[in-house]
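Novice: here is a sequence together with a model predicted from it:
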Amino acid sequence: MRTRNLELTVGAFILAGLLALAVLAVKISGLSPSSAGATYSVHAYFDNVAGLTPKAKVTMSGVTIGQVTAIEFDKTRYSARVDMDINRKINTLPADSTASILTAGLLGEKYLGISVGGDDEVLADGSEIYDTQSALVLEELIGRFLLNTVSKEE
Amino acid sequence: MTDSSDYIVDLQQITFRRGSRLIFDGVDIRIPRGKVTGIMGPSGCGKTTLLRLIGAQLRPDSGAIWVNGQNIPELGREQLFAARKHMGMLFQSGALFTDLSVFENVAFPLRVHTELSEAMVRDLVLLKLQAVGLRGARDLMPDELSGGMQRRVALARAIALDPQLMMYDEPFVGQDPISMGVLVRLIRLLNDALGLTSIIVSHDLAETASIADYLYVVGDGQVLGQGTPDELMNSDNPRIRQFMQGEPDGPVPFHYQAPDYLADLLHREQK
Amino acid sequence: MSVISRVALLGRAGLDTVSALGRSGIFLSNALLGRTRFGNSFALLLKQLYSVGVLSLAITIVSGLFIGMVLALQGYNILVGYGSEQAVGQMVALTMLRELGPVVAALLFAGRAGSALTAEIGLMKATEQLSSMEMIGVDPLKYVIAPRLWAGFISLPLLTMIFCVVGIWGGSLVAVDWLGVYSGSYWSNMQNSVEFVDDVLNGMVKAVVFAFVVTWIAVFQGYDCEPTSEGISRATTRTVVYASLAVLGLDFILTALMF
């Protein structure tokens, strides 16, 4: 009799623990059954990717459509190559769309925003986004500002 | 003297040290089969250590311990496990498993060493409990029993496997007269009825001498004397005499080491 | 005391510590490895899971709740100054999962279950139960110690997970229901910044390591103690102190390694 109760309570305890793990997985870290293969990969080259990290989101019109998978330095083109996975359902992106590195929120988290172009051709697996806009770097901004003010004065 | 097969336990030249203290220095003790043997001596002389050496909880620094023809310190784990089936030990505090009932406690050795059916185990447990007079207490928990009753249950557990050798570690300590009487009677009865050999380690002279067939007096790392209780009572050896007669002063001095009494007092007065 | 004898004392203390460590290592391997002679080790484990795990649930849940609530409260107070109070969700979650969850749950476990284990085993040693078990032919390391070790290894990670969940939920009670942070931003910000592998699993790795260390210390101190009432009380104190220090020290090392 006692053993029965014992088994039940211990079983309930273990279940509670596993349930907690499940809750942590789903509700707290937002882990969703990633339908792997439901994405296609494109890449883009940037002069400066300051602050962009892998796993950063790729958005269009503010909606997340993909994720940055890798960032590497390309030594032949002397720029940064960013690879990203885009949801297969979004398969009508024109080939001349622009990819820009934007800053989200006050804490400066960098993400990729894609603005639509007008080409008939669409991006497919392995395509390159040609039109890119690098991250805004503060020092360059200041430099540009100073240059402008100086040239204005002249 | 007689053939060694008459001795169930034969300790030969046992030397044992604990830290820097020499507890036993070349001790020889023989326990005759089928008899009750008492091992006595002043506190701290290592009597309990002897039992632990026989039961292989401790290893001697040198010497051999023959139990039923096997040298205990040299046994491997499997052999030791088998050997322990034939030895039962009653600890000073009973040492019942506090989380098991009386029944479960007595059944424990049976379940470990045998594969008897539950019905058989039950019968054996009841048999053993009946022998110690506690069959009715079988469903109680150890903390519901008095000290004396705990010891009796522990005794039932120790004889559960019908061992050939029973060892009692200070069984009479702190017992009221009734429990004492019960225990004394049980030890002798079980020894004779079950054909056991019993070793009693104690410093309770009267009780032990009343049931023992043979006595060893141990002290200072050696055997001070051995013989039947009557022989020892009439011994000439001053140390045995002091122990057996309970004399406060003798080879074991009354006064702890101290400087000269008069000088000590005067020294303080002068201050 | 002269300098030499002080140094000798220090040396002796060092040697004692090393030999104690060695003893505890041998103790652990003897308890966990090798086969058992008695059946039904599962029933023993079950019993220990109950007394070590289930009975620690109450303190874990209550503490988790309060810590989560305090985190949310303090976090809100600080973040609201930067206008970032929607970040309170991710703050509570990350703090709980990475640090407070594993560490505090382990400390509570050491205090509640650890000291109970030490006292229980120490008492069994003092009343010669372990010796009599040995005389009957049952290895107390396998019968008494091993189930308790496994119970600890299994229980603490589970307790840690429950602690984290309860804490984060408690944080939401304070932040959303009381302080008025928008429920959507509490949870979605959290989901966006909490990584399952990096945060949740790493926190669990910590919990597993802590479970191993705390339980090991607790059972060893009980087994190794002097079989007197004084010895038991000293051993219990040692368990709580050593286990706590070990948890905090390992936490630093693990954080440096993993994050």
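Specialist: That came through fine.

Novice: output the contacting helices and strands for the lowest-mean-pLDDT helix or strand in chain C.
Specialist: Lowest by mean pLDDT, DSSP states H and E among the helices and strands of chain C is helix C:183-193, with a mean of 79. Applying 3 or more CB pairs under 8 Å, 6 or more residues apart in numbering or on different chains; DSSP states H and E, we find helix C:183-193 packed against helix C:88-95, helix C:146-172. For every residue, glycine as well, the C-beta is placed using N, CA and C.

Novice: chain center to that helix: distance?
Specialist: 29 Å (CA atoms, centre = their mean, to the nearest Å).

Novice: in that helix, what's buried?
Specialist: C:185-187, C:189-193 (16 or more other CB atoms under 10 Å in any protein chain shown).

Novice: ok, B:L224 - contacts?
Specialist: B:41, B:217-218, B:237, B:239-240, B:243 (CB atoms under 8 Å, 6 or more residues apart in numbering or on different chains).

Novice: and if we set it to 7 Å?
Specialist: Each residue near B:L224 by CB atoms under 7 Å, 6 or more residues apart in numbering or on different chains is listed here: B:217-218, B:237, B:239-240.

Novice: quick check: next helix or strand after the strand or helix carrying it?
Specialist: Per DSSP states H and E: B:L224 is located in strand B:222-227. Following strand B:222-227 in sequence order, the next helix or strand is helix B:229-233 (DSSP H and E).

Novice: and that following helix, what does it pack onto?
Specialist: The elements that helix B:229-233 packs onto, with contact taken as 3 or more CB pairs under 7 Å, 6 or more residues apart in numbering or on different chains; DSSP states H and E, are strand B:214-219, helix B:238-245.

Novice: for that helix, list the C-alpha coordinates in PDB.
Specialist: Output in PDB follows, covering the C-alpha atoms of helix B:229-233 (Å, rounded to 0.1, in the frame of the first residue of the first chain):
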ATOM      1  CA  PRO B 229      35.700 -19.400  35.200                       C
ATOM      2  CA  ASP B 230      36.600 -21.400  38.400                       C
ATOM      3  CA  GLU B 231      40.300 -21.600  37.400                       C
ATOM      4  CA  LEU B 232      40.500 -17.900  36.800                       C
ATOM      5  CA  MET B 233      38.700 -17.000  40.000                       C
END
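
Novice: how close does C:G81 sit to chain A?
Specialist: 12 Å (CB to the nearest CB, to the nearest Å).

Novice: assign a three-state SS to the closest residue to B:Q175 other than its chain neighbours, would you?
Specialist: In this structure, B:Q175 finds its nearest non-sequential neighbour in B:G148, 5.9 Å apart by CB to CB, 6 or more residues apart in numbering or on different chains. Following DSSP: H, G, I helix; E, B strand; the rest coil, we place B:G148 in the helix state.

Novice: contact partners for B:G148?
Specialist: B:175-176, B:179.

Novice: and the residues you listed, which are buried?
Specialist: Of those, these count as buried by 16+ other CB under 10 Å: B:175, B:179.

Novice: report the angle between the least confident helix or strand of chain C and helix C:88-95.
Specialist: Relative orientation of helix C:183-193 versus helix C:88-95 (axes from the mean of the first three to the mean of the last three CA atoms, to 10 degrees): 40 degrees.

Novice: so whichever helix or strand comes after helix C:183-193 versus helix C:88-95, what angle?
Specialist: Following helix C:183-193 in sequence order, the next helix or strand is helix C:202-224 (DSSP H and E). Orientation check (the same axes, to 10 degrees): helix C:202-224 against helix C:88-95 gives 40 degrees.

Novice: hmm, helix C:202-224 touching chain A?
Specialist: No: Helix C:202-224 is not in contact with chain A by CB under 7 Å from any CB of the partner chain; minimum separation 7.7 Å.

Novice: likewise stretch C:142-155?
Specialist: No: taking CB under 7 Å from any CB as the criterion, stretch C:142-155 and chain A are apart, separated by no less than 7.7 Å.

Novice: residue ranges in chain A under the pLDDT threshold?
Specialist: Scanning chain A for pLDDT under 70 picks out A:1-2, A:28-37, A:105-108, A:152-154.

Novice: helix or strand right after whichever strand in it runs longest?
Specialist: Using DSSP state E, we find that the single longest strand of chain A is strand A:63-74. Moving toward the C-terminus from strand A:63-74, the next helix or strand (DSSP H and E) is strand A:79-87.

Novice: over to B:D10: give its phi and psi.
Specialist: For B:D10, the backbone dihedrals (degrees, to the nearest 10) come out as phi -130, psi 110.

Novice: can you classify the closest residue to it other than its chain neighbours as helix, strand or coil?
Specialist: Of all residues not flanking B:D10 in the chain, B:W66 sits nearest, at 4.1 Å (CB to CB, 6+ apart). Three-state call for B:W66 (three-state DSSP): strand.

Novice: I'd like to know how many residues surround C:G11.
Specialist: 10 (other CB atoms under 10 Å in any protein chain shown).

Novice: could you list every helix and strand in contact with whichever strand or helix holds it?
Specialist: In the assignment (DSSP H and E), C:G11 maps to helix C:3-32. When contacts are defined as 3+ CB pairs under 7 Å, 6+ apart, helix C:3-32 sits against helix C:146-172, helix C:202-224.

Novice: centre of the chain to the longest strand of chain A, how far?
Specialist: With CA atoms, centre = their mean, you get 5 Å for strand A:63-74.

Novice: what are the buried residues along it?
Specialist: A:65-69, A:71.

Novice: quick check: angle from that strand to strand A:79-87?
Specialist: Using the same axes, to 10 degrees: strand A:63-74 against strand A:79-87 is 150 degrees.

Novice: so what does strand A:63-74 touch, helix or strand wise?
Specialist: Helices and strands touching strand A:63-74, by 3+ CB pairs under 7 Å, 6+ apart, are strand A:57-60, strand A:79-87.

Novice: spit out the contact partners of the spatially most central residue of chain A.
Specialist: Most central in chain A under CA atoms, centre = their mean is A:K57, positioned 2.2 Å from the mean C-alpha point. A:K57 makes contacts with A:64, A:67, A:111, as judged by CB under 7 Å, 6+ apart.

Novice: count the residues that sit near the residue of the stretch 1-150 of chain B found nearest chain A.
Specialist: Nearest to chain A, among the residues of the stretch 1-150 of chain B, is B:S101, at 11.2 Å (CB to the nearest CB). If you count neighbours by other CB under 10 Å, B:S101 ends up with 18.

Novice: what of the one 10 residues further on?
Specialist: Burial of B:R111, expressed as a neighbour count using other CB under 10 Å, amounts to 17.

Novice: ok, then the element right after the helix or strand hosting it?
Specialist: Per DSSP H and E, B:R111 falls inside helix B:102-113. With elements assigned by DSSP H and E, the helix or strand that comes after helix B:102-113 is helix B:118-131.

Novice: cool, thanks, talk later.
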